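# Here you go, sequence then predicted model.
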Amino acid sequence: MEGEELLKHYRKTGLILFFGLTVITVLSCLHTTPQGPFDARDYTRIAGMRVEFHPWEALFEPLASPFLIPAGSPDFQVSCGIMIVWVLLAAAAWGMFAEFRAGRQNRSLRIWPILLKGIRSALVTGSTLMLIICLFVAGRIPGWRLVVDDPDLIVADLHCHTTKSPDALVTLKTNLKWHASCGYNVAALTEHNQLFAHETLMGADSSFDRLPAFISGLEAHTGPRTMLLGLCRDPQIPFEKQKVDEYPDRSAWFSNKIHEECGGAVIGLTLKRLAPGDIARLVDDGVDGFEIANSGHPEMGPDLRREVLDTCRARGIPLVASTDWHGWTGMSRAWTVIRAPGSSALSRSERANLVIRKLREHDSADIIPVVAGYMGDASLAHSIFSPIVETLRYAQELSAARVISWWIWTWAIFALWVFLYRIGIAPGGFLLGLLTCAVGLGLIAAGISLIGQGIVSAASYPIHFGLLPLGLGAGVLGYSIFSLVTLLRLRGGLRGHESPLSGS
Ligand SMILES: [Zn+2]
């Protein structure tokens with residue numbers, strides 16, 4: 001393909017890209033801020049605070065978009081699954097159409113090559129998308145950050161984990177650094193089934209002074225359907241799993257022990273298995289507050305949600321929004337904001353104790369659960385069309401820097417595409433190779449970081465889990481380099497045989 005026809009191809013593609021970028025730009029200028037922040041109790045917008053992205057995230061915005069689009073949906077897992085199905089079907093259709101067109105031009109239309117091209121196209125696109133999502137799940141790339149105007153507002157995460165829990169990936173320091181990057185100034189470290197005095201990990205390290213205050217606590221099963229968090233002022237008392245299980249009325253016993261012996265407060269998890277009738281019973285048992293939003297478990301059903309809201313309003317029980325962060329992904333969507341006049345002048349430990357006191361006193365007027373975007377059950381139609389709905393939402397959230405990133409990356413890749421074609425290298429395959437090279441390197445870095453977390457804290461789970469992205473990244477990087485070298489060696493054999501836009 002030469003001369004005028006080639007120029008027509010470039011112009012057509014340039015126009016499509018320009019149109020897409022213009023749509024993104026217009027949507028971002030609408031200032032609809034679909035991410036809020038919202039009060040998680042009634043989804044009204046909250047004044048005096050905003051959610052924003054880290055400025056440096058804009059540097060690789062288009063790469064992050066396949067993760068950020070489903071990450072802001074009501075239920076990440078549902079959206080992610082549906083998006084992958086859509087992408088597989090679209091890639092297969094695109095591959096089959098390209099083969100059909102090529103076959104028609106060569107007057108050799110056969111069904112099997114068309115089907116095989118569709119399957120290959122779906123596999124390549126689907127696996128690339130999965131690799132990008134894996135990178136953002138294993139790598140802690142920060143998402144939303146809550147910024148509050150009033151310095152006397154305490155921004156807390158009342159439920160998260162460190163490597164003291166058997167299924168968490170990050171050390172105390174990494175946990176607190178991440179919380180700082182997402183706008184928190186207090187974090188409750190609620191380890192599974194054991195109370196651990198985290199201050200023993202600080203030693204003489206003065207860098208902790210600049211990190212959020214923390215509360216040591218635990219998360220325990222207190223019944224077949226119930227899980228409670230104990231936030232402790234004094235975490236020195238022994239608290240083992242079997243002791244909780246020994247008592248028939250475990251929620252009441254647990255609450256009493258946390259209140260009396262640890263000087264603490266109790267928060268109830270609102271997991272899916274909880275029956276609506278359990279809420280009032282748990283309040284009677286001494287629970288001081290409930291999670292109305294949990295980033296790790298966003299799937300609370302409407303009946304339970306109504307029951308939690310009604311019971312807690314009637315009984316004056318505070319509601320909180322927590323991350324349940326174990327070290328997976330860097331996304332944060334839930335914050336508990338506590339109004340506490342004069343708290344900016346308090347020391348870190350005084351601020352942590354104030355949070356416990358506010359919970360114990362059931363100060364629900366001053367405790368606001370805050371979320372970025374809607375979290376929870378979505379309608380069937382919303383779920384099925386979530387790739388479109390969430391892409392529109394994502395575009396409306398974009399800041400000026402993130403939109404500029406889209407423009408720069410798109411035109412840079414387009415220019416590289418044209419350049420590669422002109423020097424005789426298959427542009428689609430080469431650019432895909434560069435992309436997977438970058439993702440492979442990112443996965444290796446994420447794996448090394450996780451293994452480092454395990455070594456520092458003598459925990460085996462981050463080491464075992466870190467080997468996965470490390471091995472996957474090494475494999476992807478090796479294969480990508482091999483593909484790139486092969487394409488470079490084939491240089492020159494392309495011109496005149498392939499459209500500049502027909503892929504590898
Ligand atoms: Zn948890």
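In hand now; what should we look at?
# CA atoms for contacts and neighbours, from now on please.
Will do.
# what's around residue 345, how many residues?
Neighbourhood size, residue 345 [other Cα atoms under 10 Å]: 11.
# how close does it get to residue 25?
Separation of residue 345 from residue 25 (Cα to Cα, to the nearest Å): 42 Å.
# contacting residues for the residue of the chain most remote from its centre?
Note on the chain: the largest C-alpha distance from the chain mean falls to residue 107, namely 48.7 Å (Cα atoms, centre = their mean). Residue 107 makes no contacts at all, as judged by Cα atoms under 8 Å, 6 or more residues apart in numbering.
# How is it assigned, secondary-structure-wise?
At residue 107 the chain is in coil, as set by DSSP: H, G, I helix; E, B strand; the rest coil.
# and the gap between it and residue 445?
In terms of Cα to Cα, residue 107 sits 49 Å off from residue 445.
# for residue 262, same thing?
Using Cα to Cα, one gets 40 Å for the distance from residue 262 to residue 445.
# And the pLDDT for the residue farthest from the centre of the chain?
As predicted, residue 107 sits at a pLDDT of 74.
# And it, how far from residue 116?
Counting by Cα to Cα, the gap from residue 107 to residue 116 is 18 Å.
# Please apply the same query to residue 280.
58 Å.
# could you point out which element follows the helix or strand hosting residue 396?
Per DSSP states H and E: residue 396 is located in helix 386-397. With elements assigned by DSSP H and E, the helix or strand that comes after helix 386-397 is helix 400-422.
# Please, where are all the strands along the protein?
Under the criterion DSSP state E, strands of the chain are mapped to 38-39, 49-53, 144-148, 153-160, 186-192, 213-221, 227-232, 265-268, 289-294, 319-322, 334-339, 367-371.
# Reformat those as TSV; add mean neighbour count, distance to residue 357 and mean pLDDT.
Listed next are the strands of the chain as TSV, based on neighbours: other Cα atoms under 10 Å; distance: least, Cα to Cα, whole Å; pLDDT from 0 to 100:
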stretch	mean neighbour count	distance to residue 357	mean pLDDT
strand 38-39	22	22	96
strand 49-53	19	24	92
strand 144-148	20	22	94
strand 153-160	26	13	97
strand 186-192	27	14	95
strand 213-221	25	12	93
strand 227-232	27	11	94
strand 265-268	27	8	96
strand 289-294	26	12	95
strand 319-322	29	14	97
strand 334-339	26	11	97
strand 367-371	26	12	97
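# At the geometric centre of the chain, which residue sits there?
residue 331 (3.4 Å).
# Now do the contacts for that residue.
Counting by Cα under 8 Å, 6+ apart, residue 331 has contacts 71, 140, 141, 142, 143, 144.
# what does residue 457 give?
With Cα under 8 Å, 6+ apart, residue 457 has these contacts: 163, 171.
# same question, the one 10 residues further on
Neighbouring residues of residue 467 by Cα under 8 Å, 6+ apart: 447, 451.
# where in the stretch 351-500 of the chain is pLDDT low?
For the stretch 351-500 of the chain, residues meeting the criterion pLDDT under 70 lie at 492-500.
# measure residue 477 to residue 488 for me?
Between residue 477 and residue 488 the computed distance is 16 Å (Cα to Cα).
# on that earlier part again, next, give phi and psi for the residue farthest from the centre of the chain.
Phi and psi for residue 107, reported as degrees, to the nearest 10, are phi 60, psi 40.
# quick one: it from residue 99, how far?
The gap separating residue 107 from residue 99 is 12 Å, by Cα to Cα.
# Over to residue 385?
As judged by Cα to Cα, residue 385 and residue 99 stand 28 Å apart.
# ok, now residue 129?
22 Å.
# of these two, who's got more company?
residue 99 (22 against 19).
# Need the nearest residue in space to that one, chain neighbours excluded.
Counting by Cα to Cα, 6 or more residues apart in numbering, the nearest residue to residue 99 once its immediate chain neighbours are dropped is residue 114, at 5.4 Å.
# residues contacting the one you found?
Contacts for residue 114 (Cα under 8 Å, 6+ apart) come out as 95, 96, 97, 99, 100.
# Check whether the fourth one really touches residue 116, as I assumed.
No: using Cα atoms under 8 Å, residue 99 is not in contact with residue 116, being 9.3 Å away.
# how far away is residue 440 from residue 71?
Counting by Cα to Cα, the gap from residue 440 to residue 71 is 21 Å.
# out of those two, which sits in the busier spot?
residue 440 (27 against 22).
# List the contacts of the more buried one.
Contacts of residue 440 (Cα under 8 Å, 6+ apart): 472, 473, 474, 475, 476, 477.
# Excluding residues flanking it in the chain, which one is nearest it?
Residue 440 sits nearest to residue 473 (Cα to Cα, 6+ apart), 4.0 Å away.
# before we move on, what about residue 273?
residue 225 (5.8 Å).
# In contact with the nearest residue to residue 309 once chain neighbours are set aside, which residues?
In space, and not counting its chain neighbours, residue 309 is closest to residue 41: 7.1 Å by Cα to Cα, 6+ apart. Applying Cα under 8 Å, 6+ apart to residue 41 gives the contacts 292, 309, 319, 369.
# Make TSV out of the residues you listed and add distance to residue 413.
Putting those into TSV (distance: Cα to Cα, whole Å) gives the following:
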residue	distance to residue 413
292	44
309	50
319	47
369	42
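# Now compare those residues and name the two farthest from each other.
309 and 369 (12.0 Å; Cα to Cα).
# which residues do these two both contact?
41, 292.
# still on that earlier bit, what's the spacing between the residue nearest to residue 99 and residue 104?
Taking Cα to Cα, one finds residue 114 at 11 Å from residue 104.
# Then residue 441?
Relative to residue 104, residue 441 is positioned 40 Å away (Cα to Cα).
# Which one of the two is surrounded by more residues?
Set side by side, residue 441 and residue 104 show more neighbours around residue 441, with 19 against 12, by other Cα under 10 Å.
# Would you mind measuring from the more buried one to residue 135?
Taking Cα to Cα, one finds residue 441 at 10 Å from residue 135.
# before we move on, what about residue 56?
From residue 56 over to residue 135 (counting by Cα to Cα), the distance is 17 Å.
# quick one: which of the two has more around it?
Using other Cα under 10 Å as the criterion, residue 56 and residue 135 rank with residue 135 on top: 26 against 11.
# Show the pLDDT at the more buried one.
pLDDT, residue 135: 95.
# Tell me who's in contact with it.
Applying Cα under 8 Å, 6+ apart, the residues near residue 135 are 439, 442, 443, 446, 469.
# measure the last one to residue 439 for me?
Computed as Cα to Cα, the residue 469 to residue 439 distance reads 10 Å.
# need the contact list for the closest residue to residue 59 other than its chain neighbours.
Nearest non-adjacent residue to residue 59, counting by Cα to Cα, 6+ apart: residue 405, 6.4 Å away. Counting by Cα under 8 Å, 6+ apart, residue 405 makes contact with 58, 59, 60, 61, 62.
# Wait, residue 446 touches residue 470, no?
Yes: if you go by Cα under 8 Å, residue 446 and residue 470 touch, sitting 7.3 Å apart.
# Can you show me the CA trace of stretch 150-159 as PDB?
The C-alpha coordinates for stretch 150-159 follow below in PDB (Å, rounded to 0.1, in the frame of the first residue of the first chain):
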ATOM      1  CA  ASP A 150     -11.000  21.600  57.700                       C
ATOM      2  CA  PRO A 151      -7.700  20.600  59.600                       C
ATOM      3  CA  ASP A 152      -9.800  19.600  62.600                       C
ATOM      4  CA  LEU A 153     -11.500  16.700  60.700                       C
ATOM      5  CA  ILE A 154      -9.900  13.300  61.400                       C
ATOM      6  CA  VAL A 155      -9.800  11.100  58.400                       C
ATOM      7  CA  ALA A 156      -9.700   7.500  59.600                       C
ATOM      8  CA  ASP A 157      -9.700   4.000  58.100                       C
ATOM      9  CA  LEU A 158     -11.100   1.800  60.900                       C
ATOM     10  CA  HIS A 159     -10.400  -1.600  59.300                       C
END
